[in-house]
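A.B. asks: Structure for this input, please:
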Amino acid sequence: QVQLVESGGGLVQTGGSLRLSCAASGRSFSAYAMGWFRQGPGKEREFAAAISRSGDSTSYADSVKGRLTISRDNAKNTVYLQMNSLKPEDTAVYFCAAVLWPYSGVSRAPSTYTYWGQGTQVTVSS
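C.D. replies: Residues are numbered from 1 along each chain as shown. Predicted coordinates:
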C-alpha cells in the first residue's frame, strides 16, 4: 500500500514557475514507476509526465515538453515536477500516481497506475 501526498501548487502568473512535490509513504518506493497527471476545468484527466523506477527514463506529453521536468529522489521517497514558463492552459489539478512496475520504462496511461494522490491545484493567470 502506498499513500501519496502532493504539495506545491498555487497561483502564478503566465511565464512563472512552480515546483510540485509528491511524498510517498510505504516501503520500496524505488520499485514504483511514478507519473504526474492533470485535469483542467471541464476536461478529462490527461498525462503530463512519468519517470521510471530508477529515474533514468522519463516521458512527457507534447504540450509540456521543454517546460516541465519530472525527477525523483528515492532516498526521500519523493517525486517532483518542476514547472517553468507556465501558461494559462496549464491550469489544472495535478495528481501524482504510482504503480508497482517490473519494467525499465514508464507508462503514460492513467489506467496503469494503482495509487493516486488527492491532487494539488495549479492556477496560471494571464
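
A.B. asks: contacting residues for the residue nearest to residue 4 when sequence neighbours are not counted?
C.D. replies: In space, and not counting its chain neighbours, residue 4 is closest to residue 117: 3.7 Å by C-beta to C-beta, 6 or more residues apart in numbering. No exception for glycine: its C-beta is placed from N, CA and C like everyone else's. Counting by C-beta atoms under 8 Å, 6 or more residues apart in numbering, residue 117 makes contact with 4-6, 22, 95-97.

A.B. asks: In these, find the pair that's most separated.
C.D. replies: 5 and 97 (12.5 Å; C-beta to C-beta).

A.B. asks: Between those two, which is the more surrounded one?
C.D. replies: Shown here are residue 5 and residue 97; by other C-beta atoms under 10 Å, residue 97 has more neighbours (25 against 14).

A.B. asks: On the three-state scheme, the more buried one is what?
C.D. replies: strand (DSSP: H, G, I helix; E, B strand; the rest coil).

A.B. asks: Could you say which helix or strand holds the most centrally placed residue in the chain?
C.D. replies: When C-alpha atoms, centre = their mean is applied to the chain, the residue found nearest the centroid is residue 36 (2.2 Å). Per DSSP states H and E, residue 36 falls inside strand 32-39.

A.B. asks: Could you give the average pLDDT over stretch 57-75?
C.D. replies: Mean pLDDT, stretch 57-75: 97.

A.B. asks: The closest residue to residue 7 other than its chain neighbours: neighbouring residues, count only.
C.D. replies: Ranked by C-beta to C-beta, 6+ apart and with sequence neighbours excluded, the top spatial neighbour of residue 7 is residue 21, at 5.1 Å. Using other C-beta under 10 Å, residue 21 has 17 neighbouring residues.

A.B. asks: my guess is residue 21 contacts residue 34, does it?
C.D. replies: No. Counting by C-beta atoms under 8 Å, residue 21 stays clear of residue 34, with 11.7 Å between them.

A.B. asks: Between those two, which contacts overlap?
C.D. replies: Listed as contacting both residue 21 and residue 34 by C-beta under 8 Å, 6+ apart are residue 79.

A.B. asks: any chance you could map the strands in the chain?
C.D. replies: Counting by DSSP state E, the chain has strands at residues 3-7, 10-13, 18-25, 32-39, 46-51, 58-60, 68-73, 78-83, 92-100, 115-116, 120-125.
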